[in-house]
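J.: Fold the following and give me the result.
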Amino acid sequence: MKNKFGKLYGFVLALSFFAGLFVVSVPASAAGSYTLAVGDETTLYSNIPSRYAVTTVNWTSNNYQAVEITQHTNSYCKIRVNQYFSSPVIISCNYYYIDSFGGASYMRQGYTDFTIYISKSGGTGSTGSMTVSPSSVSLDLADGKPKVVTLKYDKGTAKTWNFGFLSENGCVELWEVWATGPIGTDEAEVYAKKPGTDTVTCILYADGQEIASAKLNVNVICSHKYDEGVVRVQPGPGKEGSMVYTCQVEGCGDQYEVSIPALPEEKKEDSEKEENNKEESSKEENSSKGNDKEKNSKENTNTSKKSETNKKNQSDKVTEKNIVKLSKESATIYPGQKLSLNIKNAKSGKKTWSSNKPKVASVDANGKVTAKKPGTAIISVKTGGKTLTCRVTVRKVFTASSSNISVSKGKKKTVTVTCSKKLKLKYVIKNKKIVSCAWKKMKGNNYKLIIRGKKKGKTSITLTNSFNQEKIKLTVKVR
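T.: Okay, here's the model as predicted:
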C-alpha cells in the first residue's frame, strides 16, 4: 500500500513539474555587500551549488540607472556604477534548478542578493566643476554681433560629455563653438534676442548626468533704429496730433510718441454790430465802418502769412520724403528665408545690386535676398550715383548640444536642442532596432531629445525643423 502511495506521490510531483505549477522557493544563499564609487566595475558570483541541475538564471538590478549589469552568465555577472544614489542598490540572482525527492523530480527556486553601496567620492564623473569667463557680458541687439565666453570644466574621467544652456528670461541664446575642442576648455557664442537682463545656467553633462553648472549674467541693450513714423492722431484746428516711431531692430519693437502742433483756429468776426446809441450820427457810423474795413484787411494779411508758413513746412516735409534710401538698413533672417529690399523715392534708371558674401546671403537684380548659411553679409545697391547698403545677419534656426552621442545599451542620453524661434521638430531614426527617441519640452522654445540604447551598433538620427526644413544629423553609437 505504501509503495503504491509513493508511486502516486511521485507521479503527482512529476506532473506538477512538467505543468510548471509546482515551484518551491528556498531561502537566499549567502551573499555579500560592496561599497563602490561612480565609474567602478566589479564581478559578482552566483555561488549556486554544483549538485543542482540549473535550468534558468536571471540577474536583475533594482536601479539600472545607478548600477548597470553589463554582462552575465549562469555563474557570474559584471556590473558598473553609473551615478550616485543615496540608497543601497540590490543586485539579485534568481535561479531555477531540478531536484529529486521520493523518486520524483521537481523544480526549486533559489536566489542570492548582493547589496551595493555607492560612495560620493572617486569614480568616473562622480565630481566635476565648471566656470564661465567672463561671468557677465553686455550685448547690443542692433549690431547682431555675438559675444564669446570661455567654458572651463573638469569632467573627471567621464567617457562622454556635453553642455546645455538654460535662459531664464529668453533675452539671449548660446551656441557651442567647439564641439570637439581641447578637453577642459570650450567656447560658446552669446546672441542677443531681445532687450533686458538675463541669467543663463551653463550645465556640464558627463556620461548623461549633470555634474556641474555655472551662471552667466547678461545685459542686452539696443541702439534703436526707428522708422519714419506713423501718424496716430491727426491734428486739427486748436487740437494737437501725435506721431509714433517704432524701432526696426528685430526683437526690439521699442516705440516713442511725439506731438504734432495744432492747426491755427479760424477767427470769426461778427457781421453785424449792435447799435448802442441810435442817436449816433451817420458820420460816426461811416467812421466805424471804415475802421472795420481796416481791421479786416490786417486780419487777411495775417492769414496769408500763416498760409505761406504752412506751405513752407509742407514743402520741407516733401523734401525729406524724397530722400532716396533702402526699406531696411539691417535685418536678421534664417537659411532658406528670403527678404525683399526696396528703394524708397528712387528715380528711374539703372540699379545694380550686389552682396559682399554671396555664400552667406545672395541678392538678385530685383533686390530679393536669399539666406544661404549663418554669417553676416552687406547687401549694396548703386542707383543715381549713390550706394545704399543693408546689413543682413543669417542665423541658424536650431542647434543640437552634441552631434556625436555614445550611450550604453538599456541607458538613456539627453541631447539639448536650442531653437531661435517657436518651431515644430521631428526626428527620423535610420535603424529603429538600435535606438528609440522621445521629445521633452523645455523652458522657452527649446527641447530635449531623449535617446535610449536598445541594441549594440551604430546609427544616425536626422532632426528637421518646420520653418525652413533645415536638418541636423546626429551619429549615435550604442555600446
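J.: Am I right that residue 244 falls within a strand?
T.: Yes: the secondary structure assignment for residue 244 places it in a strand, going by DSSP: H, G, I helix; E, B strand; the rest coil.
J.: ok, it touching residue 227?
T.: No: between residue 244 and residue 227 there is no contact, the gap being 9.3 Å when judged by C-beta atoms under 8 Å. Any C-beta I mention is one placed from the backbone N, CA and C, and that applies to glycine too.
J.: Number of residues surrounding the nearest residue to residue 335 once chain neighbours are set aside?
T.: Spatially, and ignoring its direct neighbours in sequence, residue 335 is nearest to residue 371 (5.1 Å; C-beta to C-beta, 6 or more residues apart in numbering). Using other C-beta atoms under 10 Å, residue 371 has 24 other residues around it.
J.: what's near enough to touch residue 371?
T.: By C-beta atoms under 8 Å, 6 or more residues apart in numbering, the contact list for residue 371 reads 333-339, 360-361, 392, 394.
J.: Could you do residue 191 as well?
T.: Residue 191 makes contacts with 139, 146, 172-175, 395, as judged by C-beta under 8 Å, 6+ apart.
J.: Apply 10 Å and report the result again.
T.: Contacts were defined as C-beta atoms under 10 Å, 6 or more residues apart in numbering; by that measure residue 191 touches 139, 141, 144-147, 172-175, 220, 332, 393, 395-396, 420.
J.: Pick out the most distant pair among those.
T.: Of all pairs drawn from the contacts of residue 191, the one with the largest separation by C-beta to C-beta is 220 and 396; the distance is 19.0 Å.
J.: More neighbours: which of these two?
T.: Each of residue 220 and residue 396 has its neighbours counted (other C-beta under 10 Å); residue 220 has more, 23 against 18.
J.: Could I have the ChimeraX command that selects the buried members from the contacts of residue 371?
T.: The ChimeraX selection below is limited to those of those classed as buried (16 or more other C-beta atoms under 10 Å):
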select :333,334,335,337,339,360,361,392,394
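J.: As JSON lines, the contacts of residue 371 with pLDDT would be great.
T.: As requested, those are exported to JSON lines (pLDDT from 0 to 100):
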{"residue": "333", "pLDDT": "84"}
{"residue": "334", "pLDDT": "83"}
{"residue": "335", "pLDDT": "84"}
{"residue": "336", "pLDDT": "81"}
{"residue": "337", "pLDDT": "82"}
{"residue": "338", "pLDDT": "86"}
{"residue": "339", "pLDDT": "87"}
{"residue": "360", "pLDDT": "89"}
{"residue": "361", "pLDDT": "91"}
{"residue": "392", "pLDDT": "89"}
{"residue": "394", "pLDDT": "86"}
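J.: Turn the contacts of residue 371 into JSON lines, including secondary structure and distance to residue 214.
T.: Listed next are those as JSON lines, based on DSSP: H, G, I helix; E, B strand; the rest coil; distance: C-beta to C-beta, whole Å:
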{"residue": "333", "secondary structure": "strand", "distance to residue 214": "32"}
{"residue": "334", "secondary structure": "coil", "distance to residue 214": "29"}
{"residue": "335", "secondary structure": "coil", "distance to residue 214": "31"}
{"residue": "336", "secondary structure": "coil", "distance to residue 214": "35"}
{"residue": "337", "secondary structure": "coil", "distance to residue 214": "34"}
{"residue": "338", "secondary structure": "strand", "distance to residue 214": "39"}
{"residue": "339", "secondary structure": "strand", "distance to residue 214": "37"}
{"residue": "360", "secondary structure": "coil", "distance to residue 214": "32"}
{"residue": "361", "secondary structure": "strand", "distance to residue 214": "35"}
{"residue": "392", "secondary structure": "strand", "distance to residue 214": "34"}
{"residue": "394", "secondary structure": "strand", "distance to residue 214": "30"}
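J.: just to revisit the earlier point, tell me, what's touching residue 244 and residue 227 both at once?
T.: In the contact map built from C-beta under 10 Å, 6+ apart, the residues linked to both residue 244 and residue 227 are residue 255.
J.: At which residues are the helices of this protein located?
T.: According to DSSP state H, the chain carries its helices in the segments 2-19, 282-321.
J.: Least confident of those, on average?
T.: Considering the helices of the chain one by one, the lowest average pLDDT is found for helix 2-19, at a mean of 47.
J.: do you know how far the residue nearest to residue 421 when sequence neighbours are not counted is from residue 418?
T.: Setting aside the residues directly before and after it, residue 421 is nearest to residue 445 in space (C-beta to C-beta, 6+ apart), at 6.2 Å. Using C-beta to C-beta, to the nearest Å, one obtains 8 Å as the distance from residue 445 to residue 418.
J.: try residue 348
T.: Between residue 348 and residue 418 the distance is 47 Å, computed by C-beta to C-beta.
J.: the more surrounded of those two?
T.: Under the criterion of other C-beta under 10 Å, the comparison of residue 348 against residue 418 puts residue 418 first, with 23 against 7.
J.: The more buried one contacts residue 165, correct?
T.: Yes: using C-beta atoms under 10 Å as the test, residue 418 is close enough to residue 165 to be in contact (6.8 Å).
J.: intersection of neighbour lists for those two?
T.: Common neighbours of residue 418 and residue 165 (criterion: C-beta under 10 Å, 6+ apart): 173-176, 401, 446.
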